[in-house]
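A.B. asks: Fold the following, please.
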Amino acid sequence: MENYPQKATENFDTANFHIKYCLYFIKKFLSGKILEVGAGCGSFTKKYINNSFQITLTEVDKLNFSDLREKFKKYQNVKIKKIETSLVEGKFNSIMYLHVLEHIEDDMKELGDAAKKLEKDGHLIIMAPAHKKIYGNLDKAVGHFRRYEKEFFNENLLGLKRKKLIFLDSIGYWLYYLNKIFYKDEIFPSKIKIFIWDKFFTPISIICDYLTNYKFGKCILAVYKKE
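C.D. replies: Predicted coordinates for the structure are as follows:
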């Protein structure tokens, strides 16, 4: 998505607890050459970056692209490109879409392009907003074409083998749902709402997600392997 609302990016960038929680389930699938599609301002990147990875970040939004270049200019192992996935050269051990796929109108074509760039035994990692029924103003404002149901992530998507499918942020679902009802005119959650959700409710979600065996939540995480 070009011209992504900067306010949304800045506010989410402070949700460090949530980001670390999500990456807990993702890091084990990261290795070697990594492609993070639509890296935003690097909210996730800054939490997993290390010298053992060769990282390529793509971002088509001008402001986010500039932020990425500034933020990671000291890292020799990070390349930043303002191009679409189909134009990225080389193959990768891990390809990630972290809250990005919902911004792409033809999501299946996009995933097809990614699958072609996976090395054998490589992993495709997708985190996306879940549940169509809570699609609201924020989704529209930041250019979400959809929210996802688990049926989309079938066991053999594009010939890849599904290795993980879980929901995260169970408390966040209810907060999002209630916010949609009581703040109908609100587009972007305020920084204080982001702070409260991240610092107070995310720890509760961690417990509830575990107790419900990751069967329900605001986000869905799917991981596929190329065999």
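
A.B. asks: Can you give the distance of the longest strand seen in the chain from its chain's centre?
C.D. replies: Looking across the chain with DSSP state E, the single longest strand is strand 118-129. Centroid separation for strand 118-129 versus its chain: 12 Å, with C-alpha atoms, centre = their mean, to the nearest Å.

A.B. asks: for it, packing partners?
C.D. replies: helix 16-26, strand 92-98, helix 107-116, strand 219-225 (3 or more C-beta pairs under 8 Å, 6 or more residues apart in numbering; DSSP states H and E). Placement of C-beta: from N, CA and C, glycine included.

A.B. asks: Next one: the residue of the chain positioned farthest from its centre relative to Gly136, how far apart?
C.D. replies: Relative to the centre of the chain, and counting by C-alpha atoms, centre = their mean, the farthest-placed residue is Phe182 at 26.5 Å. Going from Phe182 to Gly136 by C-beta to C-beta, to the nearest Å gives 12 Å.

A.B. asks: ok, now which ones touch the most centrally placed residue in the chain?
C.D. replies: For the chain, the residue sitting closest to the mean C-alpha position, by C-alpha atoms, centre = their mean, is Leu98 at 1.4 Å. By C-beta atoms under 8 Å, 6 or more residues apart in numbering, the contact list for Leu98 reads 22, 26, 36, 38, 44, 125, 127.

A.B. asks: rerun at 6 Å
C.D. replies: 44, 127 (C-beta atoms under 6 Å, 6 or more residues apart in numbering).

A.B. asks: One more: Met127?
C.D. replies: Contacts for Met127 (C-beta under 6 Å, 6+ apart) come out as 98-99, 219, 221.

A.B. asks: Who is it paired with across the strands?
C.D. replies: Leu98, Leu221 (DSSP bridges).

A.B. asks: average model confidence for the longest helix seen in the chain?
C.D. replies: Counting by DSSP state H, the longest helix found in the chain is helix 170-182. Mean pLDDT, helix 170-182: 85.

A.B. asks: name the helices or strands packed onto that helix?
C.D. replies: helix 202-211 (3 or more C-beta pairs under 6 Å, 6 or more residues apart in numbering; DSSP states H and E).

A.B. asks: contacting residues around the helix it packs on?
C.D. replies: 17-18, 168-172.

A.B. asks: Distance from that helix to the middle of the chain?
C.D. replies: Counting by C-alpha atoms, centre = their mean, helix 202-211 is centred 19 Å from the centre of its parent chain.

A.B. asks: Over to stretch 76-86?
C.D. replies: For stretch 76-86, the distance to the chain centre is 17 Å (C-alpha atoms, centre = their mean).

A.B. asks: thinking again about what came up before, please tell me how far the residue farthest from the centre of the chain sits from Lys133.
C.D. replies: Applying C-beta to C-beta to Phe182 and Lys133 gives a distance of 16 Å.

A.B. asks: How about Asp61?
C.D. replies: Taking C-beta to C-beta, one finds Asp61 at 28 Å from Lys133.

A.B. asks: the more surrounded of the two?
C.D. replies: Neighbour totals were compared for Asp61 and Lys133, and Asp61 leads with 22 against 9 (other C-beta atoms under 10 Å).

A.B. asks: Phi and psi next, for the more buried one.
C.D. replies: Asp61 has phi and psi values of phi -70, psi 130 when expressed as degrees, to the nearest 10.

A.B. asks: Just the pLDDT at it, thanks.
C.D. replies: 89.

A.B. asks: Kindly report the same for Cys41.
C.D. replies: 90.

A.B. asks: tally of neighbours for it?
C.D. replies: The tally of other residues near Cys41 (other C-beta under 10 Å) stands at 23.
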